[in-house]
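Chemist: sharing a model prediction with you, sequence too.
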Amino acid sequence: MNKPLGMGLALLCAFAFVSGCDDPPVPKPRGYHRIDLPAFEYATYAHPCGISFEVPVYSKIERIARDAPETDVCWFNCAVPRFSAKVHCTLMRVDDEAQFVALVEDAHQMVFSHEIQAAGIRTQQFDFPERKVSGVLYNLQGPVASPIQFFATDSTAHFLRGSLYFDHAPNPDSLRPSLAHIEKDIVNLIETLVWTE
């Protein structure tokens with residue numbers, strides 16, 4: 001009876017010795033879920049406050065109840081449920097040059113208030129004189145709350161400002177594919193913007 005026990009113990013020790021010769025285990029790096037990006041396909045949206053533009057077919061315009069024809073401000077969101085993101089937009093009437101300058105300065109201050117968290121701020125200017133649309137798109141790199149902001153204006157009567165927000169904590173590495181995709185959608189919005197009033 002001792003012989004089988006001794007033999008089993010010897011086999012167990014030999015197995016432990018052989019299996020213990022591998023390299024030490026190394027933890028796998030953290031990965032991110034695969035994001036299937038939709039094709040770029042757009043539909044024209046005519047907002048009752050006097051603008052029209054193209055939006056992705058996979059997005060949804062959410063009108064905010066506070067906007068009304070008798071006010072000078074309209075609020076709406078362009079929601080992209082697939083990416084858990086929203087572009088919060090504000091359309092304002094411009095009455096004079098002083099108000100226009102104040103709106104542009106306010107847009108700059110909103111962007112540069114993220115400068116503490118941002119690793120960099122890239123700007124892209126737009127100018128479409130045939131439609132009286134000009135503006136600036138800001139791409140904020142790093143763990144910022146609003147990685148893309150923009151404004152578009154005719155500088156005399158209309159001022160549209162937008163900010164992209166995700167419904168979760170900002171992580172630039174995991175957001176990079178969806179952020180690049182949404183940036184192209186926002187650029188298309190600016191490039192197709194028309195003042196209808």
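Modeler: Good, I have the coordinates.

Chemist: so who does Glu191 touch?
Modeler: Glu191 makes contact with 126, 128, according to Cβ atoms under 8 Å, 6 or more residues apart in numbering. Where C-beta positions appear, they are placed from N, C-alpha and C, glycine not excepted.

Chemist: quick check: it vs Gly8, distance?
Modeler: 77 Å (Cβ to Cβ, to the nearest Å).

Chemist: got it, and Gly135?
Modeler: Distance, Gly135 to Gly8, using Cβ to Cβ: 79 Å.

Chemist: could you report the neighbour count for Gln149?
Modeler: Gln149: 24 surrounding residues under other Cβ atoms under 10 Å.

Chemist: please state the offset of the strand or helix carrying it from the chain centre?
Modeler: Element membership for Gln149 (DSSP states H and E) is strand 148-153. Taking Cα atoms, centre = their mean, to the nearest Å, one finds strand 148-153 lying 13 Å from the centre of the chain it belongs to.

Chemist: give me the angle between the following helix or strand past that strand and strand 148-153.
Modeler: For strand 148-153, the following helix or strand on the C-terminal side (DSSP H and E) is strand 158-166. Interaxial angle, strand 158-166 versus strand 148-153 (axes from the mean of the first three to the mean of the last three Cα atoms, to 10 degrees): 170 degrees.

Chemist: helix or strand right after strand 158-166?
Modeler: Following strand 158-166 in sequence order, the next helix or strand is helix 172-191 (DSSP H and E).

Chemist: the helix or strand that that next one is followed by pairs with which strands, parallel or anti?
Modeler: As assigned by DSSP H and E, the chain's next helix or strand after helix 172-191 is strand 194-195. Sheet pairing of strand 194-195 (DSSP bridges) gives strand 51-56 (antiparallel).

Chemist: what comes up buried for the partner strand?
Modeler: For strand 51-56, a neighbour-count test (16 or more other Cβ atoms under 10 Å) marks 51, 53-56 as buried.

Chemist: can you give me the helices in this structure?
Modeler: Remark: helices assigned in the chain by DSSP state H are 2-19, 97-112, 172-191.

Chemist: can you redo these as CSV with mean pLDDT?
Modeler: Output for these, formatted as CSV (pLDDT from 0 to 100):
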stretch, mean pLDDT
helix 2-19, 69
helix 97-112, 93
helix 172-191, 91
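
Chemist: nearest to Lys86, out of those?
Modeler: helix 172-191 (10.1 Å; Cβ to Cβ).

Chemist: what inclination does that closest one have with respect to strand 158-166?
Modeler: Using the same axes, to 10 degrees, helix 172-191 lies at 160 degrees relative to strand 158-166.

Chemist: kindly provide the distance from the residue lying closest to Phe126 once chain neighbours are set aside to Asp167.
Modeler: Excluding the flanking residues, the one nearest Phe126 by Cβ to Cβ, 6 or more residues apart in numbering is Gly135, at 4.9 Å. From Gly135 across to Asp167, the span is 26 Å (Cβ to Cβ).
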